[in-house]
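# after the sequence you'll find the predicted model.
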Amino acid sequence: MNFTFIFLFLLLAINTLFSFTRESSVKLSLTRKIALAPAVTDTLRFPATYATALPTLTPLDQWEKDYNRYERFLTPNIRRTQQGLSFAKNGVKTWWVANSASPHAQLDTTTRITNPDRLLGNWRTVANRVVVHIDSFSVADQKMYRSAIVHELPGTVALTVTNQKFSLQTDEPKANRLNRNYALIQQRYLLLYGASRAAGSVAQIGMDQEGRLLLHTCGVTERKVPGRYLTYQTIIRQSILTRQ
C-alpha cells in the first residue's frame, strides 16, 4: 500500500494551521489495516489514537450519532472560520476543508482545559507528527472499515503563552516563528487571529492526565462514489508538549 504525502507546514498561520500540497487518492482498498511507521519509542508512548476519539463503527447509525455530538461545541466564532471546497472528478465527489473544527477524529473531550491559566508558560514538544485516520463505508458489504498511519515530523516546536499572545517557534526543517492573538473557546478550541477573528485559524487544544499540552490541527476530506463507497479522512498535525 502506497501513501505519499508532501506537507508544507506554516505552523498555525492565519488562514490555516496546516496545509499539504499533495495527497494520495484514497479508494476503498486503502481501508485495510495500515502498518504504523513512527519511531518505536514514540509509538509506545503515544499510539496513533492517543487522546483521539473516533466514532463507533457498529451499528452503522451510531457512527453518525457519535460524529454529530460534537456540534454543540461549535460557537459562531468557530463556524465563521470554516470554509470548504467541493469538486467532482472521474465519478468521485470530494469535499475538502483545510482547517477543520469538525473532523471525524476528534480530540478527546476528557482533555478539555477548564482553567485558561493552565496554558500560560513555556512549552516544548516531546512528539510532533502527522496522524492520518481513514473511515470508509462499503455499500456492497454494508460495513465500515478503519485505518490509521503515523508520519514523524523532524525538529521541535517551542511555545510561549501569555495572557495576550500565543508564540510558536519551529527549528526544522526551516525555522519559522509565529506570534498571534488567541482565544480559548469552549475549553477545547484554540482560535488564533490577527486583526479579525473571522479570518483566524482554529485548532483543537487540550491537556492529558500528565499535564502535557495537546495541539491538533486538522484537515478533512470526504470522498464519495454513489452506490460504491464513502470515505472520511482526517489528517491531524499533532503536537504533544511538556511544560519547561
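Arrived safely, thanks for sending. This is a predicted model, so every value here is computed, not measured.
# next structured bit after the top helix by length along the chain?
Selection of the longest helix in the chain by residue count, based on DSSP state H, yields helix 60-68. Next helix or strand after helix 60-68 toward the C-terminus (DSSP states H and E): helix 76-79.
# report all helices and strands that that following helix contacts.
Of the remaining helices and strands, those touching helix 76-79 by 3 or more C-beta pairs under 8 Å, 6 or more residues apart in numbering; DSSP states H and E are strand 176-185, strand 189-193. In this view, the C-beta of every residue, glycine as well, is placed from N, C-alpha and C.
# in the first one, what counts as buried?
Along strand 176-185, the positions that meet the burial threshold by neighbour count (16 or more other C-beta atoms under 10 Å) are 176, 178, 180, 182-185.
# try the shortest one
Of the residues in strand 189-193, those scored as buried under the neighbour-count criterion (16+ other C-beta under 10 Å) are 189-193.
# so Ala199 sits against Leu191, correct?
No: taking contact to mean C-beta atoms under 8 Å, the distance of 10.7 Å between Ala199 and Leu191 leaves them out of contact.
# where's the residue lying farthest from the centre of the chain, which helix or strand?
Checked against the mean C-alpha position of the chain, the extreme residue using C-alpha atoms, centre = their mean is Ala140, at a distance of 29.7 Å. If you go by DSSP H and E, Ala140 is not part of any helix or strand.
# so what's Gln106 bridging to?
Taking DSSP bridges, one obtains Ala53 as the residues bridged to Gln106.
# enumerate every residue touching Asn122.
Residues in contact with Asn122 (C-beta atoms under 8 Å, 6 or more residues apart in numbering) are 158-160, 243-244.
# pull the residues that contact the longest helix of the chain.
Counting contacts by C-beta under 8 Å, 6+ apart, the residues outside helix 60-68 that touch it are 54-57, 104, 135, 137, 142, 144.
# and that helix, which residues are buried?
Buried positions in helix 60-68, judged by neighbour count with 16+ other C-beta under 10 Å: 63, 66-67.
# in this structure, which strand is the longest?
Of all segments of type strand in the chain, defined using DSSP state E, the longest is strand 121-138.
# adjacent strands (with direction) for the next helix or strand after that strand?
Read in the C-terminal direction, the helix or strand following strand 121-138 is strand 143-152, with elements assigned using DSSP H and E. According to DSSP bridges, the neighbouring strands of strand 143-152, each with its direction, are strand 121-138 (antiparallel).
# secondary structure element for Ile240?
Remark: Ile240 resides in strand 229-243, with elements defined by DSSP H and E.
# can you give me the buried ones in that strand?
For strand 229-243, burial by neighbour count (16+ other C-beta under 10 Å) applies to 229-241.
# also stretch 128-139?
Buried residues in stretch 128-139, counting neighbours by 16+ other C-beta under 10 Å, are found at 128-137.
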